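**Q** Everything below, folded, please.
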Amino acid sequence: MEKKTELFKGELMEEKLRQYFLNNGYYVSRGVKYNFEGNEITDIDLFLYGRVSSLSRERTNVDIKNKKSPKAFERILWAKGLQELLEFNNCVVATTDRKEAVRKFGLKHNTIILDGNFLQKLTYNTETRITEEEFLAQLNKEKSFKEFRNQSWKILYENSKSRLLNELDFSGYNSTLIYLKYFLNKCYNKQKKEIALRASYVILSHSLLILDFLLKDIAFLESNLRKEMLSDGFKYGNLGKEGVNRTIDMAVKIANSNISVNEIKQSLDSGEMDFLKEFYSKTETTKNIFSWSKSFESLAFQKTLKSPNDLETELKGTLAVMLDFFQINRKNFFEINIRNK
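**A** Predicted coordinates for the structure are as follows:
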């Protein structure tokens with residue numbers, strides 16, 4: 001990154017807490033916007049995702065107020081309401097307030113309180129990661145002129161983060177793949193390859209996290225059934241094959257079209273997604289996908305950015321699978337070199 005971005009007091013505390021939760025094994029995303037039908041409702045300071053067991057996942061919204069007048073009681077009400085709205089498992093309020101009444105109020109309403117005593121003990125390592133502000137500043141310099149109607153790369157990244165709140169489903173995954181393919185191809189641009197590679201790593205981490213959430217419900221099914229469910233999800237999204245077929249039948253009847261219904265269905269039922277189905281249905285993949293997601297997030301924010309060919313074997317293999325799926329020459333891609341200053 002070219003220039004260090006100075007952090008405000010609140011931003012610094014968010015980075016400190018992100019680092020704290022990362023060190024405790026969570027996947028952490030900062031400054032995630034909650035949108036509904038194109039309307040931005042609010043943003044979440046930290047989104048935490050944890051793999052509790054093979055069968056369960058834990059999602060948590062964290063509200064952070066590093067101010068002289070933090071209004072802690074009000075923040076507890078807000079965080080608790082958002083937790084219930086998003087159907088998360090937990091919520092956390094980090095506040096400089098140290099009053100015992102705040103802790104008791106949080107306990108009464110199943111809200112974890114990180115008070116001023118806790119916050120003052122937090123340390124922050126500036127040597128390993130770039131900040132969210134530095135990442136956003138670089139993304140904001142670039143635009144997608146054709147594929148995404150002049151939207152900045154920052155907006156694409158923000159949209160991808162937002163899917164982690166309420167689109168941990170097949171449709172969310174398939175939408176994320178569109179962004180991933182775009183950024184992987186931009187890595188060949190000599191002027192943009194560093195930030196494009198960072199974006200590729202983080203979008204790939206989002207896609208893996210979505211799959212981890214999906215796989216928890218099918219991990220213990222028989223192999224053939226697991227493959228079938230993944231195949232339907234990849235091809236048809238949340239509606240599944242039956243739902244899409246019903247929609248096609250209805251649409252053709254309403255339009256009174258001469259187009260063959262079977263022809264449309266056959267075009268959708270291509271073998272393109274079988275490649276992903278085979279890889280992500282493997283038991284070994286199911287076990288490791290969460291750790292891969294965290295690793296790619298870490299790679300995106302590392303101060304010393306790693307070239308694709310320098311990745312660990314498992315991560316390199318996961319990236320290679322997506323390159324093959326997008327029909328991007330993996331040999332050429334792994335020759336992309338990032339010269340760190």
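**Q** Look up which helix or strand residue 80 falls in, please.
**A** helix 72-86 (DSSP states H and E).
**Q** Please pull up the helix or strand immediately following that helix.
**A** Taking DSSP H and E as the definition, the helix or strand right after helix 72-86 is strand 90-95.
**Q** Show me what that following strand packs onto, helices and strands only.
**A** strand 39-51, strand 57-65, helix 72-86, strand 112-114, helix 116-119 (3 or more CB pairs under 8 Å, 6 or more residues apart in numbering; DSSP states H and E). From N, CA and C alone the C-beta is placed, and that goes for glycine too.
**Q** from the ones you listed, which stretch is densest packed?
**A** strand 57-65 (a mean of 21; mean count of other CB atoms under 10 Å).
**Q** What does the pLDDT read for residue 217?
**A** Residue 217 is assigned 88 on the pLDDT scale.
**Q** which SSE is it in?
**A** Here residue 217 is assigned to no helix or strand, by DSSP H and E.
**Q** ok, it - how many residues close by?
**A** 11 (other CB atoms under 10 Å).
**Q** Next one: it from residue 135, what distance?
**A** 32 Å (CB to CB, to the nearest Å).
**Q** Mind giving me the packing neighbours of the helix holding residue 80?
**A** Partner elements for helix 72-86 (3+ CB pairs under 8 Å, 6+ apart): strand 57-65, strand 90-95, helix 100-108.
**Q** hmm, 6 Å instead?
**A** Helix 72-86 is packed against strand 57-65, strand 90-95, with contacts defined by 3 or more CB pairs under 6 Å, 6 or more residues apart in numbering; DSSP states H and E.
**Q** closest to residue 178 out of the ones you listed?
**A** strand 57-65 (23.8 Å; CB to CB).
**Q** Not counting that closest one itself, show me its contacts.
**A** 13-14, 44-46, 48-52, 75, 79, 82-83, 88-95, 213, 216 (CB atoms under 6 Å, 6 or more residues apart in numbering).
**Q** following the top helix by length along the chain, which helix or strand comes up?
**A** Longest among the helix segments of the chain by residue count, using DSSP state H, is helix 193-215. Sequence-wise, the next helix or strand downstream of helix 193-215 (DSSP H and E) is helix 223-236.
**Q** Just the mean pLDDT for that next one, thanks.
**A** Mean predicted confidence for helix 223-236 is 85.
**Q** and that helix, what other elements does it pack with?
**A** helix 240-255, helix 274-280.
**Q** How far off centre is it?
**A** 22 Å (CA atoms, centre = their mean, to the nearest Å).
**Q** in it, what's buried?
**A** 226-236 (16 or more other CB atoms under 10 Å).
**Q** element containing residue 183?
**A** With DSSP H and E as criterion, residue 183 is part of helix 170-186.
**Q** low pLDDT regions in the protein?
**A** 1-7, 68, 239-272, 340-341 (pLDDT under 70).
**Q** Break it into its domains for me.
**A** 9-119, 167-341 (automatic domain parsing).
**Q** quick revisit: list the buried ones in the helix holding residue 183?
**A** Under the neighbour-count criterion of 16+ other CB under 10 Å, helix 170-186 has 170, 172-177, 179-184, 186 buried.
**Q** Distance from the chain centre to that helix, please.
**A** 11 Å.
**Q** One more: stretch 18-27?
**A** Using CA atoms, centre = their mean, the offset of stretch 18-27 from its chain centre is 15 Å.
**Q** Give the buried residues for that stretch.
**A** Buried, per 16+ other CB under 10 Å, within stretch 18-27: 18-22, 26-27.
**Q** Please name the bridge partners of the closest residue to residue 301 other than its chain neighbours.
**A** Excluding the flanking residues, the one nearest residue 301 by CB to CB, 6 or more residues apart in numbering is residue 129, at 4.6 Å. Under DSSP bridges, the beta-bridge partners of residue 129 are residue 302.
**Q** how near is residue 129 to residue 200?
**A** Counting by CB to CB, the gap from residue 129 to residue 200 is 17 Å.
**Q** Specify which residue of those two has the higher count of neighbours.
**A** residue 200 (27 against 19).
**Q** now that one, nearest residue through space, not along the chain?
**A** Residue 200's closest residue in space is residue 183 (CB to CB, 6+ apart), at 4.3 Å.
**Q** thought that neighbour was touching residue 199?
**A** Yes - counting by CB atoms under 6 Å, residue 183 does reach residue 199; the two are 4.4 Å apart.
**Q** Touching both of the two, which residues are there?
**A** Joint contacts of residue 183 and residue 199 (CB under 6 Å, 6+ apart) do not exist.
**Q** how big is the angle separating the helix or strand residue 317 falls within from helix 193-215?
**A** According to DSSP H and E, residue 317 maps onto helix 313-325. Using axes from the mean of the first three to the mean of the last three CA atoms, to 10 degrees, the inter-axis angle of helix 313-325 relative to helix 193-215 is 90 degrees.
**Q** Output the helix or strand just after helix 313-325 as PDB, restricted to C-alpha atoms.
**A** Along the chain past helix 313-325, the next helix or strand (assigned with DSSP H and E) turns out to be helix 330-333. The C-alpha trace of helix 330-333 is given here as PDB (Å, rounded to 0.1, in the frame of the first residue of the first chain):
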ATOM      1  CA  ARG A 330      -3.800 -21.400 -13.900                       C
ATOM      2  CA  LYS A 331      -0.200 -21.600 -15.100                       C
ATOM      3  CA  ASN A 332      -0.300 -18.000 -16.300                       C
ATOM      4  CA  PHE A 333      -2.100 -16.800 -13.200                       C
END
